[in-house]
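# Could you look at this predicted model? Sequence included:
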Amino acid sequence: ANHFIIPLYLSISGWPAHTIISEPAGLYYLVLVPYFFLRYVGISYYTIMRYIALVFGILDVIATYFLAKSLNKSEFFALLSMLFVALSMGDAARTSALVFRGDSFITFFLIMSLVVTLKMFKEINLKRKLILAIIAGAILSLANFVWNGAPFTTVIFLLLFILLLMFGFTFSDR
């Protein structure tokens with residue numbers, strides 16, 4: 001109705017002044033971008049809004065595989081990690097159908113930024129290392145666009161980054 005522009009105020013709510021829309025714009029664009037393409041096949045934005053959390057739940061499980069695989073070369077360890085995330089009640093509560101909250105989407109961005117960060121540590125070429133660091137930061141910053149509580153995710157990333165540095169400093173031959 002707004003031609004894919006998110007209004008600053010909710011015009012159907014609030015008196016005497018309209019209610020301010022305080023959610024980050026990225027939360028709305030998670031629905032609007034797929035709707036822009038899928039509307040031609042008859043899928044409504046409401047349907048996308050209902051099922052987008054399931055898509056991100058599946059992406060969480062897949063991203064966990066890549067994270068576990070980069071930490072440990074064992075295929076069994078990666079599949080076991082996927083199973084633990086898939087059976088996690090906390091992740092299931094946030095990524096269930098009909099749940100549309102900002103924290104449903106941030107775990108994917110956190111996991112993917114960790115995967116790229118680990119790839120950055122393993123990279124030898126300085127230019128590629130810098131590019132991977134920028135990509136990891138860009139992926140992590142996407143969490144700030146979808147949830148107001150995303151600075152918590154940044155703190156988790158920084159804590160894990162510090163632990164990785166301590167581990168590398170302790171066990172490195174260089």
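Yes, it's here.
# Next, count neighbours for Tyr28.
19 (other Cβ atoms under 10 Å). Where you see a C-beta, it was placed from the backbone N, CA and C, and this is true even at glycine.
# So for it, what pLDDT did the model give?
At Tyr28, the model reports a pLDDT of 81.
# how close does it sit to Phe145?
Distance of Tyr28 to Phe145, given as Cβ to Cβ, to the nearest Å: 10 Å.
# Name the nearest residue to the residue nearest the centre of the chain, ignoring sequence neighbours.
Centroid check for the chain by Cα atoms, centre = their mean gives Phe109 as the closest residue, at 2.6 Å. Taking Cβ to Cβ, 6 or more residues apart in numbering, and ignoring the residues beside it in sequence, Phe109 has Ala143 as its nearest neighbour in space, at 4.3 Å.
# mind checking how far the longest helix belonging to the chain is from the chain centre?
The longest helix of the chain (DSSP state H) is helix 45-71. Relative to its chain's centre, helix 45-71 lies at 8 Å (Cα atoms, centre = their mean, to the nearest Å).
# just checking, what packs against that helix?
helix 25-38, helix 75-87, helix 89-94, helix 106-122 (3 or more Cβ pairs under 8 Å, 6 or more residues apart in numbering; DSSP states H and E).
# Would you tell me which one of those is buried the most?
With neighbours defined as mean count of other Cβ atoms under 10 Å, these peak in mean count at helix 106-122, which reaches a mean of 21.
# follow-up on the earlier one: the longest helix of the chain vs helix 25-38, what angle?
110 degrees (axes from the mean of the first three to the mean of the last three Cα atoms, to 10 degrees).
# so where's the protein shaky on pLDDT?
Residue ranges of the chain with pLDDT under 70: 1-15, 19, 21, 173-174.
# buried set for stretch 135-152?
135-136, 139-140, 142-147, 150 (16 or more other Cβ atoms under 10 Å).
# Just the ones of those residues in helices?
Going by DSSP H, the helices hold 135-136, 139-140, 142-146 from these.
# quick one: which of those residues is nearest Tyr51?
Val146 (16.2 Å; Cβ to Cβ).
# Distance of the residue nearest to the closest one when sequence neighbours are not counted relative to Gly42?
Sequence neighbours aside, Gly26 is the residue nearest to Val146 in space, at 4.2 Å (criterion: Cβ to Cβ, 6+ apart). Note on Gly26: its distance to Gly42, by Cβ to Cβ, is 26 Å.
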